[in-house]
Structures are given as C-alpha cells and as structure tokens.
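Trainee: This is a predicted model, with the sequence first.
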Amino acid sequence: MSNIEPHPTEQRVCAGEVDRPGPEPDTELLEPREVPLGGPRAMLVRRALPGKNRRMVGAWCFADVYGPTDVAAGAGMQVPPHPHIGLQTVSWLLRGTVHHLDGLGSDQRVRPGRLSLMTAGSGIAHSERTPEDAPDLLHGAQLWVALPDDARDVAPHFEHHADLPVFSLPGAQVTVIAGRVHGHTSPARTYTPLMGAQVLLEPGRDVHLPVEPGFEHGLLPLDTPIHAHGHHAEAGSLIHLGTGRDTITVRSENTAHLLLIGGEPFPEDLVMWWNFVGRDHDEIVAARTRWEAERLAPTTSARFAPVTEDPGPALPAPELPNARLRPRPRHRS
C-alpha cells in the first residue's frame, strides 16, 4: 500500500494523533488519524503507526486499518503503481479481495486469512486494486516492516502464504503471520527478530497471550474495541507494551479480531518519507529521482521495473520538503 498523501512529512509528528501514557508503566495508547487512500472517492484508512511520539514496534514501522468499506458503492482500493525501498509490506484481510501486481511479475489475489508479503529491498513498484468481481465489503490492514541495514538492499521478492500455523488458547484462536508464537512458526521470511499474529477473541473472556520478554509489542484491534493493561482501544488504535513481559492479557466484550505485533527494539534511526524507508536525506532524494525518471521512461531493467499488467499510469512522487530529511529514532523521549 502506498502513502499517497500529497505532502508527506518525515512520518514523525502528525496532526490529530495522540499518544497517551497508560496506567501501567511502559504502556501507551496510540490513537490513529484518518488518511484518504485514492482520488475523489478515496477510501479512508486509520493510521496508528508512525505516531506522534512512537514510530515503531520492533521493526514494524507503519500500520493502516481500513474498512469495513462497501466497495460496491465506490471505487474501493485503487492504488496505482508506486515504489518502495528498504521495507517489507504485510497485507492482511478480514473480508474482501485485493489484487496485487508488481514489477517482478507477481499477480496475486489477496484474500482473508492468507499472507501476502512483499520485500522491497533495493526497490520495487507495485499496485493494489479492488477487482471488479470482489465481494461487496473490504476490511483489513497493511503494515510495513523496516529492513535492517544489512538487508535493506536485498533483491526484491514476493511471497504468498495460504497455509499459516493456527493454534488455540483458552478464549482465543491465533494465526501466526510472521515469526514464532508459542512454538508455532510462520513460513514468511523476516530479517529481524519479530512476530506478528491475528488473534480472534471470544467475547467476555480475559485472554492470556504468551509473548517473548525481549520484544516490545503492539495490539491493533481491527473491528471492535479491546481492553488491555489499563487501556481501552477502538478499532485502528494501537496499544504499545514495552519489553519485559512474558504474557499479555486482553479482553473484548464482543468477538474481536486483532493483530499482535512485536519485535526486538529496532536499533537504527530511520528516514521515512512517502513510500521510502532509508537512512539519510541523500538516499531518499536518489530514490525519488530514480523513480521519477523510470516512471516517465519505463524499462524492465530499471531499479523500479514497471507494473506492466496494471491498467493505469504510475503514481508521481510528491515534492520533497524544503528542509533536509533527518533520521529519527523509534521513540521520541
């Protein structure tokens, strides 16, 4: 998914966002802001990461929740070809279908309960669109994972996993999306110690989720409010929980889907601008310049190979801000 705001910031301080310290030590509630995704009939997404003070949970650096949206009454998701560097995109649906195309030739229908993972590495272009034959409702999330310095220039690749590990806990069913959870390991390729899972909560029960004490974690409700460690979080908000826990306790009064993400605190400062994750201003400028040149004169040998099967024109890059982009830490003290 693209960040297609016309005037993207460095993804560090965004109007309307609030990070609220919690009643328990080392916890925060990150409330999202609404961002239009598309043109005149844009679909709105709720973006909790990056937040005002906290930009990352482990290597997870971007989190959008969207829907449920009636795509029969509008354009749905229509994100034309656009570039990424230095990250992985994680696409996860509760309802509906999204059509993924990329410059590698990947052609994949993203469906509920199946993981689509795109590693941008040194550079890739892709598009995401609601197909004409899609179900009426679209509801899901997309997240980005920052690649560490020793892997951020890997060759781009795409994975789709339809058979993910699923296990039960008292009061919950857990699907392992990335990494390892309670002895169950996802087949998805990752580059830092991290985990991600969908948790389906039974209503009215305290659910105890086993987690890795060396990881920080985030709880991202997708469809109904949850309660955890003194916080009440609406859908699209994110509860951040610091390291040192071996169990997270969560509850919902209704059946609820949430994403549990986590990882070792990311040690590197990042520059996040538009759809690029880099380390300094010059790297972002070089990627933008290359994208604009190859967008206007596409070639299959380009850094951002064209998405030839997509019907629309590629997305122009926004103008860079007047000031130099500066690396930012994962959390503002």
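Mentor: Okay, I see it.

Trainee: For this structure, give me the ranges with low pLDDT.
Mentor: The model of the chain has pLDDT under 70 over residues 1-22, 38-41, 333.

Trainee: tell me which element the residue nearest the centre of it falls in.
Mentor: Nearest to the mean C-alpha position of the chain, by CA atoms, centre = their mean, lies L143 at 0.8 Å. Using DSSP states H and E, the element containing L143 is strand 137-146.

Trainee: What is that strand packed up against?
Mentor: For strand 137-146, the helices and strands in contact under the criterion 3 or more CB pairs under 8 Å, 6 or more residues apart in numbering; DSSP states H and E are strand 60-70, strand 87-95, strand 256-263. Quick note: C-beta positions are derived from backbone N, CA and C, even for glycine.

Trainee: Mind checking those for the one nearest to M77?
Mentor: Nearest to M77 among the helices and strands packed on strand 137-146 is strand 60-70 (7.5 Å), distances taken as CB to CB.

Trainee: what are the ranges of the helices in the stretch 201-333 of the chain?
Mentor: Using DSSP state H, counting those that start in this stretch, the helices found in the stretch 201-333 of the chain span residues 281-296.

Trainee: And the strands in it?
Mentor: For the stretch 201-333 of the chain, the strands defined by DSSP state E, counting those that start in this stretch occupy 207-210, 216-221, 226-228, 231-233, 238-241, 247-251, 256-263, 271-273, 276-278.

Trainee: Same check on the stretch 1-150 of the chain?
Mentor: 18-21, 27-31, 33-37, 43-49, 60-70, 78-84, 87-95, 98-102, 107-110, 115-119, 124-129, 137-146.

Trainee: quick one, the second one and strand 60-70 angle?
Mentor: Going by axes from the mean of the first three to the mean of the last three CA atoms, to 10 degrees, strand 27-31 is angled at 50 degrees with respect to strand 60-70.

Trainee: And strand 27-31, what does it pack against?
Mentor: So strand 27-31, by 3+ CB pairs under 8 Å, 6+ apart, packs with strand 18-21, strand 43-49, strand 231-233, strand 238-241.

Trainee: can you do 10 Å?
Mentor: Secondary-structure packing of strand 27-31 (3 or more CB pairs under 10 Å, 6 or more residues apart in numbering; DSSP states H and E): strand 18-21, strand 43-49, strand 216-221, strand 231-233, strand 238-241.

Trainee: Keeping just the C-alphas, turn the second one into PDB.
Mentor: Put plainly, it is strand 43-49. The C-alpha trace of strand 43-49 is given here as PDB (Å, rounded to 0.1, in the frame of the first residue of the first chain):
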ATOM      1  CA  MET A  43     -11.300   5.100   0.900                       C
ATOM      2  CA  LEU A  44     -10.300   6.200   4.400                       C
ATOM      3  CA  VAL A  45      -7.700   4.300   6.400                       C
ATOM      4  CA  ARG A  46      -6.800   4.700  10.100                       C
ATOM      5  CA  ARG A  47      -3.100   5.100  10.600                       C
ATOM      6  CA  ALA A  48      -1.700   4.400  14.100                       C
ATOM      7  CA  LEU A  49       2.000   4.000  13.100                       C
END
